[in-house]
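*Asks:* here are the coordinates; sequence isn't available:
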């Protein structure tokens, strides 16, 4: 399966990543319904701290036709002490190949509702050089509302593919990159956690992690970027909310590297190019006794 979306997608060579990125990562359910059979759907549903449920069971109850389960915690480094850390290229390639996905296979990531896991999956795929990947805006719930067909039971079986990774480290930030960005006037660090967690008026959900934020970071609660149905706001509204990102380099951070990907996607939807994701996020920064932490609204 090596076709490309006809009307949906113009493959972007990874060398074009940057501020000149013009292709939105989103595809709406109504448009995607007409493309069934021309892409592999990957269910990347994930639970945030405090949420209850079983994404694997929910997948068996209802999923897109021909879908595979993309478990964020499986597509991670099993040896990292931090949650769902970026895996090595070889691990990512092997797992994607087992799902029948090569670096050119048309792929759409989605969640049961909204797109938190889908944004993370989209970012991971691009990090390792995938050229043909989109996010279903609003997730499975939007798909069903639009009249899209669903299946039950186990995932479909695809022939094993060969995924040739090409890691684009410019999409990934470490703590040293964040420290440097916080000292620059042309860089912006956006924190996707809630305003209360940012200001330290509520405790962090993970034990041993301090409350507060990085000095110089800006609060950008990821829920500001989506509507009540979990769909992204229109691009012109995102342009206003993310206006400071237009002429600056952006590093997105959050609690553990999940909702930061929502900021990365929103920056792209707004037409402001590629933001960089700090994978360790607050789980790493807040547990490092040498990392500076401040409180208040910032």
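*Replies:* Great, that's in hand. As the structure is a computational prediction, the values presented were derived from the model and not from experiment. Numbers count the residues shown, from 1 in each chain.

*Asks:* can you tell me how far residue 258 is from residue 236?
*Replies:* To residue 236, residue 258 is 26 Å away according to C-beta to C-beta, to the nearest Å. To be clear about C-beta, it is placed using only N, CA and C from the backbone, and glycine gets the same treatment.

*Asks:* which of these two has more neighbours?
*Replies:* Taking neighbours as other C-beta atoms under 10 Å, residue 258 and residue 236 compare with residue 258 leading, 23 against 9.

*Asks:* once you drop chain neighbours, what's closest to the more buried one?
*Replies:* Leaving aside its sequence neighbours, residue 258 sits nearest to residue 120 (C-beta to C-beta, 6 or more residues apart in numbering; 5.4 Å).

*Asks:* now name the helix or strand holding the one you found.
*Replies:* helix 116-127 (DSSP states H and E).

*Asks:* what helices or strands is the helix or strand that that helix is followed by leaning on?
*Replies:* Using DSSP H and E, the helix or strand that follows helix 116-127 towards the C-terminus is strand 133-136. Contact partners of strand 133-136 among helices and strands, from 3 or more C-beta pairs under 8 Å, 6 or more residues apart in numbering; DSSP states H and E: strand 26-27, strand 107-110, helix 116-127.

*Asks:* quick one: closest of those to residue 95.
*Replies:* Closest approach to residue 95 among the helices and strands packed on strand 133-136 is made by helix 116-127 (10.3 Å; C-beta to C-beta).

*Asks:* would you mark the buried spots in that closest one?
*Replies:* 116, 117, 118, 119, 120, 121, 122, 123, 124, 125, 126, 127 (16 or more other C-beta atoms under 10 Å).

*Asks:* let me have those in JSON lines, adding pLDDT and distance to residue 140 as columns.
*Replies:* Output for these, formatted as JSON lines (pLDDT from 0 to 100; distance: C-beta to C-beta, whole Å):
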{"residue": "116", "pLDDT": "97", "distance to residue 140": "13"}
{"residue": "117", "pLDDT": "98", "distance to residue 140": "11"}
{"residue": "118", "pLDDT": "98", "distance to residue 140": "10"}
{"residue": "119", "pLDDT": "98", "distance to residue 140": "15"}
{"residue": "120", "pLDDT": "98", "distance to residue 140": "16"}
{"residue": "121", "pLDDT": "98", "distance to residue 140": "14"}
{"residue": "122", "pLDDT": "98", "distance to residue 140": "16"}
{"residue": "123", "pLDDT": "98", "distance to residue 140": "20"}
{"residue": "124", "pLDDT": "98", "distance to residue 140": "20"}
{"residue": "125", "pLDDT": "98", "distance to residue 140": "19"}
{"residue": "126", "pLDDT": "98", "distance to residue 140": "22"}
{"residue": "127", "pLDDT": "98", "distance to residue 140": "24"}
